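> Sharing a sequence plus its predicted fold:
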There are 2 protein chains.
Amino acid sequence: MTEATIITIGDELLIGQVIDTNSAWMAQQLNKAGIRVARRVAVGDVWEEIWNTLDEESKHADIILITGGLGPTADDITKPLLCKYFNGTMIVDEGALENVVNIFTNILKRPMIARNLKQAEVPDTCQVILNKRGTAPGMWFQKEGKVFVSMPGVPHEMKGMMTDDVIPGLGKHFKFPHIAHRTLLTAGVGESFLADLVANFETALPAHIKLAYLPNYGMVRLRLSSSGVEKDAIEMEVQQFFDTLQISVKDYLVTNEDEPMQMVVAKLLLAKNNTVSTAESCTGGYIAHLLTEKAGASAYYSGSVVSYSYKAKEDLLQVDKYTLETKGAVSEEVVVQMATGALKNIKTNYTIAVSGIMGPGGGIPGKPVGTVWVAVGDNKNIVSEKFNFRFDRQRNIELTATYALNMLRKFILAGEK
Amino acid sequence: MTEATIITIGDELLIGQVIDTNSAWMAQQLNKAGIRVARRVAVGDVWEEIWNTLDEESKHADIILITGGLGPTADDITKPLLCKYFNGTMIVDEGALENVVNIFTNILKRPMIARNLKQAEVPDTCQVILNKRGTAPGMWFQKEGKVFVSMPGVPHEMKGMMTDDVIPGLGKHFKFPHIAHRTLLTAGVGESFLADLVANFETALPAHIKLAYLPNYGMVRLRLSSSGVEKDAIEMEVQQFFDTLQISVKDYLVTNEDEPMQMVVAKLLLAKNNTVSTAESCTGGYIAHLLTEKAGASAYYSGSVVSYSYKAKEDLLQVDKYTLETKGAVSEEVVVQMATGALKNIKTNYTIAVSGIMGPGGGIPGKPVGTVWVAVGDNKNIVSEKFNFRFDRQRNIELTATYALNMLRKFILAGEK
């Protein structure tokens, strides 16, 4: 099987100043195309270390994809290094020059400086990949049967090149096997318990089909994978095992597609032309953000109220002042009133209301950090539940959103029965 | 200088199913402690590849930190591999066993199964690191002067071990130099233009002080770094150059600390006990989410209205129906009315209102995808501005949030003059 390495270049990755989201996206695309990513390596803007990494990775991999270090500033050394590594001379590429001039003249409408023109220089030993979204061109090199591609680290520029040029180009160079994946999502069950539940299934699984557990706080995804040349046969075999797997975990199954919880809820709403709103306290708009992440959200999502303060709960959701004072904002009574207020004011079919203590501070006797009340419902019925999470603020916010969306999912399904 | 490698293990990293946030956090902690991270490598759950990576990385690095692959399921092979790699025999660790039993009995309140007990097994050649937040123990190995530490991939478990045991333990083993960093944030200026602006400064910079450019859509961070044994002298020297750098970029300077835009706004609000609300259409609650990301947000943030539909704009923010119909939701008139409505209904000192077309679909003649109107203001004055972004949906949402927060920052500063 053709193997690839992804090399990301930049000091910022090694001091933890940025989170590398490029590699995950690139790995997904390569995988879909039938290329196995065997390793991902991040190195700093250090000549010798980049050089050695190129040497080392090209020993094992057939394809070496490089991102980063192509900016116009002094700390960006990838281009001169690649020029030397592939025994080239730096020349001005006419197409790249035209692209830089066009971007400055027509899009940025800013004067161009000498430094920008340098972006059009490339080693004469590469094939230039035009950057339709930025000034730094991509570069395609070949050496001893291996392909090396250098792309900018700016995500949407890299993504454009990968989709338009790199993946199609690799497809012409190599013969890839087909890779089949099936992923399902479970909620409300631990990894160990799940492993016991599917123990017989796992034992019966042929060696060439792999089962992976991908736990993620309150949810576990299970993934079956196989690869080979016979596309149809592989897909069919994996699908058959996947059907059995779904039956094994049916009590906890959220979806048999590789999609997040919010998409499952969105699809349920769309199927019956229903809408949802949210009334959020502790999650501060995060559930609304998840529901509107994908285009087309307006078909099932109308709006939300983020009522962080007591006053906002009273003014925007008509939560009763006396209830707030006697029961506290994190209480069943308040969260049910929030849901009622949201349904009345935003006029959706369903709503989700949450109120909790996300930490690190703010815990009180009887209501420690991680205490969360969630209510979901429609105009006929509102159900509520208390949760106790025990993580850091960010994870508590994520968990609250996941559990709240899952509660709504179950509520909708129960109503359809 | 002591160098470290971070190895993350798991097939999910190589097919892009999860984004690796652990490595960035670990790199930050190591860096603060004076340890340079030279490389980060991700490998799959494949025996030979993990083994070779350990061999390869320990040639260059003094410290090898490993995360992932310690779960209770069959695809997790890190522990048996490390047992063999360090010539050990698997034994039950009493402390780890007690921890597993305690978690199931007192926290999860679930029956324990045989698979969970296996979590308490460790190679007898390691020193056990107690996991206070989960069942899989950490393992500390030493070989030929190098330190290898294996931790679970679950972020909060890994973070607890790093803070409580690994960083202090490494501090006892090695002598680390001091690392000084200073980071500032600029907005509204491109990387090339900024590079020209600081060209003289960069030329005059001594070789041992490094300047890095960290661009991030509409913002560029500049970071100065140096390291050595004399802590005070290094800090003072870097600070002096940092003072000069701030003067060079003063027209675009947002903050001279390594903090995100929303924290700069939060601090401005806190300084005068002021509050902010948001009225969001296209960002779907994302600005509210950013403002409430950190604990203590209730001191400056009261609430928000996410008005995704026309109806929600009318009902929750009293936007005029006729204006919506004649000017459209993405217009100066509507966004100003949204701001006015938010100030009236949520009663904060300031507000931010946004309405735009985030894509990929939804563009109309005269209003292409990426058209965004932003209004910021207080009870006396509301200012508005139109932006034209040209990225994908996710980036357009992020950019809108950044520019809107920056507009409020400038509005507050202008009012204080």
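Great, that's in hand.

> what number of residues lie near residue A:91?
If you count neighbours by other Cβ atoms under 10 Å in any protein chain shown, residue A:91 ends up with 13. Where C-beta positions appear, they are placed from N, C-alpha and C, glycine not excepted.

> same thing with residue A:32?
Count around residue A:32 with other Cβ under 10 Å applied: 13.

> do residue A:285 as well
29.

> pretty sure residue A:75 contacts residue A:44?
No: the pair residue A:75 / residue A:44 is not scored as a contact, 9.7 Å apart, by Cβ atoms under 8 Å.

> Need the residues touching each of these two.
Counting by Cβ atoms under 8 Å, 6 or more residues apart in numbering or on different chains, the shared contacts of residue A:75 and residue A:44 are residue A:11.

> which strands and helices sit next to the one helix or strand residue A:56 maps to?
Using DSSP states H and E, residue A:56 sits within helix A:47-60. If contacts are counted by 3 or more Cβ pairs under 8 Å, 6 or more residues apart in numbering or on different chains; DSSP states H and E, helix A:47-60 sits against strand A:3-9, strand A:36-43, strand A:63-67, helix A:78-85, strand A:146-151, strand B:36-43.

> closest to residue A:173 out of those?
Closest to residue A:173 of these is strand A:146-151 (Cβ to Cβ; 6.1 Å).

> How about the helix or strand just after that closest one and chain B, any contact?
Toward the C-terminal end, the helix or strand that comes next after strand A:146-151 (DSSP H and E) is helix A:155-161. Yes: legend: contact between helix A:155-161 and chain B by Cβ under 8 Å from any Cβ of the partner chain is shown at A:155-156, A:159.

> Quick one, grab the pLDDT at the closest residue to residue A:389 other than its chain neighbours.
Counting by Cβ to Cβ, 6 or more residues apart in numbering or on different chains, residue A:389 lies nearest to residue A:370, which is 4.0 Å off, once chain neighbours are set aside. pLDDT for residue A:370: 92.

> before we move on, back to that, now the residues of helix A:155-161 next to chain B in a markdown table, with distance to residue A:139?
Output for these, formatted as a markdown table (distance: Cβ to Cβ, whole Å):
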| residue | distance to residue A:139 |
| --- | --- |
| A:155 | 18 |
| A:156 | 18 |
| A:159 | 17 |
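
> Out of these, the closest to chain B would be?
residue A:156 (5.3 Å; Cβ to the nearest Cβ).

> from what I can see residue A:57 touches residue A:3, true?
No: using Cβ under 8 Å, residue A:57 makes no contact with residue A:3, being 10.0 Å away.

> Between the two, which is the more surrounded one?
Between residue A:57 and residue A:3, counting by other Cβ under 10 Å, residue A:57 is the more crowded of the two (23 against 15).

> Who are the contact partners of that one?
A:5, A:7, A:39, A:41, A:64.

> and the helix or strand that contains residue A:201, what does it pack onto?
Taking DSSP H and E as the criterion, residue A:201 maps to helix A:199-204. With contacts taken as 3+ Cβ pairs under 8 Å, 6+ apart, helix A:199-204 sits against helix A:231-248.

> Give the buried residues for the helix it packs on.
A:234, A:237-238, A:241-242, A:245, A:248 (16 or more other Cβ atoms under 10 Å in any protein chain shown).

> can you put these in JSON lines and add distance to residue B:409 and pLDDT?
Rendered in JSON lines, the data for these read as follows (distance: Cβ to Cβ, whole Å; pLDDT from 0 to 100):
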{"residue": "A:234", "distance to residue B:409": "55", "pLDDT": "95"}
{"residue": "A:237", "distance to residue B:409": "57", "pLDDT": "97"}
{"residue": "A:238", "distance to residue B:409": "52", "pLDDT": "97"}
{"residue": "A:241", "distance to residue B:409": "55", "pLDDT": "98"}
{"residue": "A:242", "distance to residue B:409": "51", "pLDDT": "98"}
{"residue": "A:245", "distance to residue B:409": "51", "pLDDT": "97"}
{"residue": "A:248", "distance to residue B:409": "54", "pLDDT": "95"}
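
> Report how many residues lie close to residue A:326.
Quick note: residue A:326 (other Cβ under 10 Å) scores 10 neighbours.

> If you count contacts, what does the helix or strand hosting it end up packed against?
Using DSSP H and E, residue A:326 sits within helix A:321-327. Helices and strands touching helix A:321-327, by 3+ Cβ pairs under 8 Å, 6+ apart, are helix A:310-317, helix A:332-346.

> which one of those lies closest to residue A:265?
Nearest to residue A:265, of all the helices and strands packed on helix A:321-327, is helix A:332-346, at 15.7 Å by Cβ to Cβ.

> Hmm, residue A:171 is touching residue A:33, no?
Yes: counting by Cβ under 8 Å, residue A:171 touches residue A:33, with 6.6 Å between them.

> Could you identify the longest helix within chain A?
Across chain A, the helix with the greatest residue count (assigned by DSSP state H) is helix A:393-416.

> and stretch A:405-417, how far out from the chain's middle?
Computed by Cα atoms, centre = their mean, to the nearest Å, the chain-centroid distance of stretch A:405-417 equals 25 Å.

> what's the answer for stretch A:97-109, then?
Worked out by Cα atoms, centre = their mean, stretch A:97-109 lies 32 Å from the chain centre.

> As JSON lines, the helices and strands packed on helix A:47-60 with mean pLDDT and distance to residue B:348 would be great.
Listed next are these as JSON lines, based on pLDDT from 0 to 100; distance: least, Cβ to Cβ, whole Å:
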{"stretch": "strand A:3-9", "mean pLDDT": "95", "distance to residue B:348": "41"}
{"stretch": "strand A:36-43", "mean pLDDT": "94", "distance to residue B:348": "42"}
{"stretch": "strand A:63-67", "mean pLDDT": "97", "distance to residue B:348": "42"}
{"stretch": "helix A:78-85", "mean pLDDT": "96", "distance to residue B:348": "47"}
{"stretch": "strand A:146-151", "mean pLDDT": "97", "distance to residue B:348": "44"}
{"stretch": "strand B:36-43", "mean pLDDT": "94", "distance to residue B:348": "42"}
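
> if we can go back for a sec, ranking the helices and strands packed on helix A:321-327 by burial, who's on top?
helix A:332-346 (a mean of 23; mean count of other Cβ atoms under 10 Å in any protein chain shown).

> what's the angle between it and helix B:310-317?
Interaxial angle, helix A:332-346 versus helix B:310-317 (axes from the mean of the first three to the mean of the last three Cα atoms, to 10 degrees): 120 degrees.

> Let me see the mean pLDDT of helix A:332-346.
Helix A:332-346 comes out at a mean pLDDT of 97.

> and what of stretch A:314-323?
In this model, stretch A:314-323 has a mean pLDDT of 96.

> Return the distance of that stretch from the chain's centre.
On Cα atoms, centre = their mean, the centre of stretch A:314-323 falls 37 Å from the chain's centre.

> With stretch A:247-260 instead?
Taking mean C-alpha positions (Cα atoms, centre = their mean), stretch A:247-260 and its chain are 19 Å apart.
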